[in-house]
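> Fold the following for me, if possible:
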Amino acid sequence: MSEFSGNVDDPLIPLLRLAMLPGIGPRTLTALLECFDSPSDVLAASSDALMRVAGVGPKLVDAIRSPNAQVDVEDLIAECQRLQIQIVPQAADGYPKRLLELCDAPPVLFMRGTFLKEDELAVAIVGTRHPTPYGRRQTQVLAAGLARAGVTIVSGLARGIDGIAHQAALDAGGRTIAVLGGGMGAIYPAEHGGLADDVTANGCLISENPPWAKPRAGMFPQRNRLISGLSLGVCVIEAADRSGALITARLASEQGRDCFALPGPVNSRMSRGTNQLIRDGVTLIQSVDDILESLGPLSQPVQVRDADDAPRQLHQPAELLLNEQECQVLDAIGAMATSIDEIIANTKLPAHRVLSTVSVLEMRRLVRRTGGQHLVRI
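Predicted structure coming up:
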């Protein structure tokens, strides 16, 4: 199920040989590929030429000059095929487009399950591994509500808030994506093996590490950048002072993603981090509506299904909150100025209904007036 064709000349092989080398990260690999035309050219380059690339030292040059001594790529591909793991390079259609916006996007992803185009409409939910009953319940409510609205839930498959968010999305009949800190050959924590299988059936598992990679402490901050990178926004639910969820929130801000925090009791240790985020300016949320209304316009429209399973183009997540009549009026308003009379004629709705619906759309910041009787879609 990988992108590997079975041909020894497949271009994926030299890319994997480079990407799997110890000491070579996404930024260094990107710098190498910018200096040379292809992974094959990097592997064939002289030591002097390699040393001229920023971030490349003698130790890495030695590794590049003898890549087969570092990792057996053919064994890697065979193991991925055995475990039904897809190997997805950046140039592949199945690579999540939102990750391409990152300066340190992984050159290769390992994926199990299916990443769909509608998964670009995603929100991450992260938090403590030791939630209180309050945090557990609020995670279930928010994850299930977002999932029922058509939003994919992204998290890290960890104990606590992560696992609760994945399970709530699945229970609501929605989709969810789990980003792993290690490889898929041994799911961590082990008790989430069944949950990982359920996520695979209704979304996908994603890792930048080969299947045999065992999770180490330093892998989780790296993993967190992918959780935020895959998402339109990150919602933090219960986080202590030094929680990894706070790292994800910081990364979300650096990546230009929205960041939300659920307030908690001032005397709860598990809410110190979230309350501090709110004090520092992160958006306070209390409901699913708060999240969807706060997310800005999408860079590219996403196709979703309405209540009758008909396809429609979504331009802003807040449109998921609209009823059938509100969608009908919104669809009648274009990017160019549209008069109220045109909206009435196109929707065939009574004037008073159109006017009241337009007021709702204005309050949700989905349309704006360009004159007394003309509107444009934002």
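> List the neighbours of the lengthiest helix in the chain that are in contact with it.
Longest among the helix segments of the chain by residue count, using DSSP state H, is helix 133-149. With contacts defined as CB atoms under 8 Å, 6 or more residues apart in numbering, helix 133-149 is touched by 123, 125, 127-128, 131, 153, 161, 164-166, 168-169, 171-176, 235, 237-238, 262, 264-265, 268, 270, 285, 287-288, 291-292, 320-321. Just so you know, the C-beta spots here come from the backbone N, C-alpha and C atoms, and that holds for glycine as well.
> Please indicate which of these are buried?
123, 125, 127-128, 131, 153, 161, 164-166, 168-169, 172, 174-176, 235, 237-238, 262, 264, 270, 285, 288, 291-292, 320-321 (16 or more other CB atoms under 10 Å).
> So which residues of the stretch 201-350 of the chain form strands?
Here the stretch 201-350 of the chain has its strands, by DSSP state E, counting those that start in this stretch, at 203-207, 233-237, 258-261, 283-284, 302-305, 311-314, 338-339.
> what residues are up against the closest residue in space to Leu121 that isn't next to it in sequence?
Nearest residue to Leu121, sequence neighbours excluded (CB to CB, 6 or more residues apart in numbering): Val302, at 4.8 Å. Val302 makes contacts with Lys117, Glu118, Glu120, Leu121, Gln313, Leu314, as judged by CB under 8 Å, 6+ apart.
> if I read this right, the last one contacts Leu295, doesn't it?
Just to be clear, that refers to Leu314. No. Using CB atoms under 8 Å, Leu314 is not in contact with Leu295, being 11.0 Å away.
> Between the two, which is the more surrounded one?
Counted by other CB atoms under 10 Å, Leu314 and Leu295 do not tie: Leu295 has more neighbours, with 21 against 17.
> And that one, how far from Ala165?
17 Å (CB to CB, to the nearest Å).
> And Phe36, by the same measure?
41 Å.
> Show me where the stretch 1-150 of the chain has its helices.
12-19, 26-35, 39-44, 47-51, 58-65, 73-82, 133-149 (DSSP state H, counting those that start in this stretch).
> In space, not sequence, find me the middle residue of the chain.
Leu230 (1.7 Å; CA atoms, centre = their mean).
> give me every residue that touches it.
By CB under 8 Å, 6+ apart, Leu230 lies in contact with Pro96, Arg98, Leu99, Asp119, Ala122, Ala124, Val154, Ile177, Val179, Ile206.
> Try it again at 6 Å.
Pro96, Arg98, Ala122, Val154 (CB atoms under 6 Å, 6 or more residues apart in numbering).
> top of the residues you listed by neighbour count?
Val154 (30 neighbours).
> That one should be in a helix, yeah?
No. Per DSSP: H, G, I helix; E, B strand; the rest coil, Val154 lies outside any helix segment and is strand.
> Who is the residue nearest to it when sequence neighbours are not counted paired with across the strands?
Of all residues beyond its chain neighbours, the one nearest Val154 is Ala124 (4.2 Å), with distances taken as CB to CB, 6+ apart. Beta-bridge pairing for Ala124 (DSSP bridges): Val154, Val234.
> right, and Ala124 touches Ile153 too?
No. The pair Ala124 / Ile153 is not scored as a contact, 7.7 Å apart, by CB atoms under 6 Å.
> Give me the domain ranges for the protein.
Split into domains by automatic domain parsing, the chain comes to 1-78, 117-294, 322-377.
> from the strands of the stretch 201-350 of the chain, which stretch is densest packed?
Highest mean neighbour count of those: strand 233-237, a mean of 29 (counted as mean count of other CB atoms under 10 Å).
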